[in-house]
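Engineer: Structural data only, the sequence is not supplied:
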């Protein structure tokens, strides 16, 4: 299927303010792009991309005094399938994990493995390792946190989300990631578009979504503690150890977000 | 000058327990090695090295039931000079920083930039940017934290160290790093050997040391908020966003550290 | 100074034909871009960038049946200085070279170090190592090859250029690179824009240029065996072991180049 | 199964001579090592490892005047299966190839794709793309080259091997790789141990072996134009674009190889 997606994001600033954005499609999806993914700025200013240490495309730009809109609009091919199932996948003992996934066992800004380790072992050590254990973590997280945009704050960590029982999709991801890592399952944070395909309609304005990957048996598999059920049409933008690395925008200075619309929907065609 | 260094570290475990170690000399010092750096295990078990995402040499080994000693002993050439001075070095505006240093502006497990930003700006925004500002951060940190091994704990963050005013060398580093990042100065955590050369003798048994680098003008420069003064003979082992990435050992399971000696001293020769 | 540069390149093909292009500005110049560097295609087709193993930006696109034009037009800031001089720079003994420059001592498709080694040692071993030796190689190459577009062919190697004494700028670069490598001096191939600034006017239509870097003492330095003299305003696009890695376009199939214009000139302003 | 392998290699030199060695087990096999892989030198001299741009472990050492022996001896676990079959695997169109395999379509020192392209298309374009085409290339190469150690020479390329019809295992690999690349199939050179397991005994002293990988459908698959049939127990040491990158030793200066023994055999145990 084809999905058309994009955004318009406007910042207001009083003085020139550097911005680091992870607002491109992840390189793993480059070959699916039917139109180039290019971030337009209004007004037009110097802008360029680079690849960060996690393989994400970062974009560097300075918001001029008076503000700027960042926009993108692109069409991408998608296989139209729900997230690949990890059912039955085994958990590798640590000594068999590939070298490059080890970093996803360690703590990070929003994932305090050292503080949640006892909790994780108390809750999940009796559950069969591997897919079942991840599934239990995802269900626990889904039920433990009550969703609400009013519960979001930039400093909120997995520990905070666990204590408060309140949060948004990034908090669900952080808590589930942290619990997985505590159980020696590599887990990484993902962000991107999540169109509403084959799900009930909602009134809520669209936003970017956060989910996570875990490494089981032979590969990374997608899980979503917020939505619980496999979904169609995720378009990955960035991933990393947690929301720090995959922040859609990091503004180095005072700014106001004065406009924010995200779009992603299947292009329907008459057959 | 020549420095001879090494360690004997013993873990006791009840069952086979994977260990990730950053106990090698950093590759940037490879060409100075006069003898090969090789980690010996007793008993002898499978062991191998890899290079992590920060360029450090990581070592993977599984501690067998009954425990194991890790040892190294090597000789390295050193220029014998004190840490290169950053005096007068300018602070680059963010838009001029190289792409690969940006990650060292972000928060990390033990460096909560989001929580210390107001503190940092209140304390240091009136000081000239660049070397002087870093120097002020280092002095503030040195004076703010009271040293004591009894103040160490694995979950302690820069925020905690700032609140409590107590800590060990890793806490000095974390607090200074966090304050630098808040002021838009890239900073990274370093760990390694720090021999006592041209400093007063102490009774304390030797330990590994933590310090940090900041990126100014054209390069990374070494600072040490614990010792304050430039030193001779640092031998870098690992660096990263904070102590998470440069942890000398990460044990995945229950273990006891039953032996720990570190050595590093100048080889004195008769001329 | 500001330089405005770009190109229009047209290929004709009978059937869809994949193209790999190194037609972007090298990431080391990204922060100098005053306008975004974006390759436009006419007709509009899917296109994306990636970073290759040498740090170049590669672009992947498929030329549709009927052909396609690739265009770029951008403005870049330049320091306006001539190539940094390597005068007096020492040649490092191999054991002191950084690990990542060693590959530039090895042979490659167009640089047969194994076949030119005796020649190189016969010609240059009596000359002081370092800058003087490189300079001698550059002068020898400049004088040994007679320039002429009619002497260009895609299979031509350094050995061929040396035998025939005829070639174009890429052959000058290949021969000088090979001779440097034979003398244990790391050398890499570079391609990009070379505007006519502070040089006599010519009638020849502008083309991209090839030059090379050698590693001396502490860094890479630019040399140009075709032009011999330091120049102003080079804009690097790609570099690698030889023209294979930095080919501006690699077409996988039959194609005709039906249009080719390159532009690069200083933007002159009234003061 | 367990395989015990190693070597003793002795060089004689008159003056200190830098050596670059690819004589370690490839990192992809690190987790199979039952004993550490460590290169011992006699006499003992400074030596260290690094990871090259292809992911191989390179070792840097300087042979002292008077010469030196390099030795290794290790035990590795192997699955005991023959090379995974690529039967039925499809050839990806170039536009679907991952970015990081594109470099293995390009020419290299010993693989002159530009010179053998017409030959390749004349011989193999009528054969079904994918596994069958690779198999045809392997069989052609096997039959076209007559094996003989006396036909080896360091400057010999795929073109030379094709013209002369004579060569050793590295020439078989270079010719088959080049023909694959000409047909738009990514191919890379491999070197390592190839023990005699389940094959007729021979009198020949053991040597390291060369083979190659091609990228089909979803992964890299092993082919061996010298031995033609799938084998058990290959232990990869290094891979790259051709023998330049995977040279077991590159000596920067005059040297004599005065000793060379390679060992690799299954450890047989009584059940």
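Structural biologist: Thanks, I have it. Here the structure is a predicted model, which means the values were calculated and not measured.
Engineer: Can you tell me the SS state at residue A:35?
Structural biologist: Local secondary structure at residue A:35 is given as coil here, using DSSP: H, G, I helix; E, B strand; the rest coil.
Engineer: ok, now residue A:269?
Structural biologist: From three-state DSSP, the assignment for residue A:269 is coil.
Engineer: wait, doesn't residue A:181 sit right on residue A:175?
Structural biologist: No - with contact defined as C-beta atoms under 8 Å, residue A:181 does not count as touching residue A:175 (11.0 Å). Where you see a C-beta, it was placed from the backbone N, CA and C, and this is true even at glycine.
Engineer: domain assignment for chain A?
Structural biologist: A:2-79+A:248-267, A:94-240 (automatic domain parsing).
Engineer: Do me a favour and average the pLDDT over the last one.
Structural biologist: In this model, domain A:94-240 has a mean pLDDT of 96.
Engineer: Spell out, range by range, the strands that occur in the stretch 101-250 of chain A.
Structural biologist: With DSSP state E, counting those that start in this stretch applied, the stretch 101-250 of chain A shows strands at A:146-147, A:166-167, A:187-193, A:209-216, A:219-223, A:235-240, A:249-251, listed in chain order.
Engineer: just so I know, which of those lies nearest residue A:88?
Structural biologist: When those are ranked by proximity to residue A:88, the top entry is strand A:209-216, at 9.4 Å, counting by C-beta to C-beta.
Engineer: what's the most buried one of the domains of chain A?
Structural biologist: domain A:94-240 (a mean of 20; mean count of other C-beta atoms under 10 Å in any protein chain shown).
Engineer: Chain B contacts on chain A?
Structural biologist: Of all the residues in chain A, those in contact range of chain B (C-beta under 8 Å from any C-beta of the partner chain) are A:18, A:20, A:50, A:52-53, A:58, A:60, A:62, A:93-95, A:99-100, A:102-103, A:105-109, A:111-112, A:114-115, A:154-155, A:184, A:244-245, A:247, A:250, A:252.
Engineer: quick one: the nearest residue to residue A:171 once chain neighbours are set aside from residue B:186, how far?
Structural biologist: Spatially, and ignoring its direct neighbours in sequence, residue A:171 is nearest to residue A:161 (4.0 Å; C-beta to C-beta, 6 or more residues apart in numbering or on different chains). Taking C-beta to C-beta, to the nearest Å as the criterion, residue A:161 is separated from residue B:186 by 29 Å.
Engineer: Show me the beta-bridge partners of the residue of the stretch 51-200 of chain A found nearest chain C.
Structural biologist: Using C-beta to the nearest C-beta, the single residue of the stretch 51-200 of chain A nearest to chain C is residue A:51, 5.0 Å away. Taking DSSP bridges, one finds residue A:57 as the beta-bridge partners of residue A:51.
Engineer: Show the contacting residues for it.
Structural biologist: A:27, A:57-58, C:51 (C-beta atoms under 8 Å, 6 or more residues apart in numbering or on different chains).
Engineer: what's the closest of these to chain B?
Structural biologist: Using C-beta to the nearest C-beta, residue A:58 comes nearest to chain B of the contacts of residue A:51, at 7.2 Å.
Engineer: ok, the closest residue to the closest one other than its chain neighbours - contacts?
Structural biologist: Using C-beta to C-beta, 6+ apart and skipping the chain neighbours, the partner closest in space to residue A:58 is residue A:52 (4.8 Å). For residue A:52, the contacting residues are A:22, A:58, A:245, B:99, B:102-103, by C-beta under 8 Å, 6+ apart.
Engineer: Any idea what residue A:8 is bridged to?
Structural biologist: residue A:71, residue A:261.
Engineer: That one reaches residue A:258, doesn't it?
Structural biologist: No - counting by C-beta under 8 Å, residue A:8 sits too far from residue A:258 to count as a contact (10.9 Å).
Engineer: What count of nearby residues applies to the spatially closest residue to residue A:216 that is not a sequence neighbour?
Structural biologist: Distance criterion C-beta to C-beta, 6+ apart; nearest residue to residue A:216, sequence neighbours excluded, is residue A:89 at 3.9 Å. A count of neighbours around residue A:89, defined by other C-beta atoms under 10 Å in any protein chain shown, yields 18.
Engineer: Pull up the gap between residue A:193 and residue A:57, please.
Structural biologist: Using C-beta to C-beta, one gets 15 Å for the distance from residue A:193 to residue A:57.
Engineer: should've said residue A:158
Structural biologist: From residue A:158 across to residue A:57, the span is 27 Å (C-beta to C-beta).
Engineer: now do residue A:204
Structural biologist: Where residue A:57 is concerned, residue A:204 sits at a distance of 28 Å (C-beta to C-beta).
Engineer: so how far is chain D from the residue lying closest to residue A:133 once chain neighbours are set aside?
Structural biologist: The spatially closest residue to residue A:133, leaving aside those adjacent along the chain, is residue A:127, at 4.8 Å (C-beta to C-beta, 6+ apart). Distance, residue A:127 to chain D, by C-beta to the nearest C-beta, to the nearest Å: 26 Å.
Engineer: isn't residue A:127 right up against residue A:134?
Structural biologist: No - taking contacts as C-beta under 8 Å, residue A:127 lies outside contact range of residue A:134: 9.4 Å.
Engineer: coming back round to it: now distance to residue C:149 too, for the domains of chain A, in TSV please.
Structural biologist: Written out in TSV, the entries for the domains of chain A read as follows (distance: least, C-beta to C-beta, whole Å):
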stretch	distance to residue C:149
domain A:2-79+A:248-267	34
domain A:94-240	46
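Engineer: Residue C:234: which of those domains is closest?
Structural biologist: Ranking the domains of chain A by distance to residue C:234, with C-beta to C-beta as the measure, places domain A:2-79+A:248-267 first at 18.9 Å.
Engineer: First residue to last residue on that closest one, what's the distance there?
Structural biologist: Using C-alpha to C-alpha, to the nearest Å, the span of domain A:2-79+A:248-267 from its first residue to its last is 5 Å.
Engineer: now stretch A:153-163
Structural biologist: This stretch, stretch A:153-163, spans 14 Å end to end (C-alpha to C-alpha).
Engineer: Residues in contact with it: which ones?
Structural biologist: Applying C-beta under 8 Å, 6+ apart, the set of residues contacting stretch A:153-163 from outside is A:109-112, A:115-116, A:119, A:144-145, A:167, A:171-172, A:174-175, A:177-179, B:112, B:114-115.
Engineer: ok, now with 7 Å
Structural biologist: The list of residues contacting stretch A:153-163 from outside it, by C-beta atoms under 7 Å, 6 or more residues apart in numbering or on different chains, reads A:110-112, A:115-116, A:119, A:145, A:167, A:171, A:174-175, A:178, B:114-115.
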